[in-house]
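Peer 1: here is a sequence together with a model predicted from it:
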Amino acid sequence: MTRKKYGFWDAVGDLTGALLAVPTYGASLTPSPTARGIVGNIVGGSGGDDNSSIIQAQQNYQAQMEQWKLLSEERRQELERLRQKEIEKEKEIKRNEEEIKSLKTKLEDPNLTDEEKNKLKKRLVVLEDTNKRLKGELTTIKNQIEKKEGDKPSMPTLSNPWKLPKLSAYDKMLVAAVLVLIIYFLFLREDKKR
C-alpha cells in the first residue's frame, strides 16, 4: 500500500485549520487530524484521532436527554393531575352555588314553617362555608399549576468535545508567530533554495 505524498497544499490546509482553531472555537480542526495534532501538541492536549472524548460527550448528552425526557413526562403528568383537580373543584363550587341559589329562592316562600326555614338556613351556611374552603383550595391549585408551568426542565446541550483553553491576546499572537515560523522553515525556506 502506497502512502499519499504530503504536499505543500496539504500542509497549508492543516496549518490554516490550526491557526483558525482559536477564533472558530475548534471548528476548523474537525476536517483535519493533522491540525488537531498540531494544536494538541502546542496546547498540551492529545493530538491524535482519539474519538473517546467525542464518544463520551455524546454518551453524556444521551444520558442527559433521557433524564430530560423523564423529567418532562413527570411534569406533564403532574400538570394534568392538577388541572383535573382544578376542574373537579370548579364543578363542585358551581354545584354548590346552584344549590345555594335554589335554597335562597325556597327561603322566600311564605308558606314555609320556621323549622323548615331554620333547616334551609343551616344548609345554606354549610354550603357557603364549603364554597369558601373550595375556593381557597382552588387558588392553591392554580398557584401550583402556575409554578409547575414555569418550572420547565432545561433542555440539555451537546458540549464541545474540543475544549481549548482561553488564551489571552498575547498567547494567541505567540501561537500565530510560532505557526508562521513553522510554515516558513518547513516550506518557504526550501523554495528559496531551488
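Peer 2: Structure's in. What do you need?
Peer 1: residues contacting the closest residue to Leu138 other than its chain neighbours?
Peer 2: In space, Leu138 comes closest to Lys89 once its chain neighbours are excluded; the distance is 4.6 Å by C-beta to C-beta, 6 or more residues apart in numbering. In short, each C-beta sits where N, CA and C put it, glycine included. Lys89 is in contact with 134, 137-138, 141, counting by C-beta atoms under 8 Å, 6 or more residues apart in numbering.
Peer 1: what is the nearest of those to Gln59?
Peer 2: Relative to Gln59, the closest of those is Ile141; by C-beta to C-beta it sits at 40.2 Å.
Peer 1: in the chain, which helix is the longest?
Peer 2: In the chain, taking DSSP state H as the definition, the longest helix is helix 52-107.
Peer 1: let me know the pLDDT of Lys4.
Peer 2: Per-residue pLDDT puts Lys4 at 62.
Peer 1: my bad, should have said Gly136
Peer 2: 93.
Peer 1: I'd like the next helix or strand past the host helix or strand of it.
Peer 2: Using DSSP states H and E, Gly136 maps to helix 114-150. Remark: after helix 114-150, the chain's next helix or strand is helix 169-183, criterion DSSP H and E.
Peer 1: run through the neighbouring helices and strands of that following helix.
Peer 2: helix 8-19, helix 33-43 (3 or more C-beta pairs under 8 Å, 6 or more residues apart in numbering; DSSP states H and E).
Peer 1: worst mean pLDDT among those helices?
Peer 2: Among the helices and strands packed on helix 169-183, helix 33-43 carries the lowest mean pLDDT (a mean of 58).
Peer 1: which stretch of helix or strand covers Leu112?
Peer 2: Using DSSP H and E, no helix or strand contains Leu112.
Peer 1: distance check, it against Glu99.
Peer 2: Leu112 sits 17 Å away from Glu99, taking C-beta to C-beta, to the nearest Å as the criterion.
Peer 1: same thing with Glu88?
Peer 2: As for Glu88, its distance to Glu99 is 17 Å (criterion: C-beta to C-beta).
Peer 1: where does the protein dip in pLDDT?
Peer 2: Scanning the chain for pLDDT under 70 picks out 1-12, 14-15, 18-19, 21-54, 158-165, 189-194.
Peer 1: neighbours of Gly136, how many?
Peer 2: 11 (other C-beta atoms under 10 Å).
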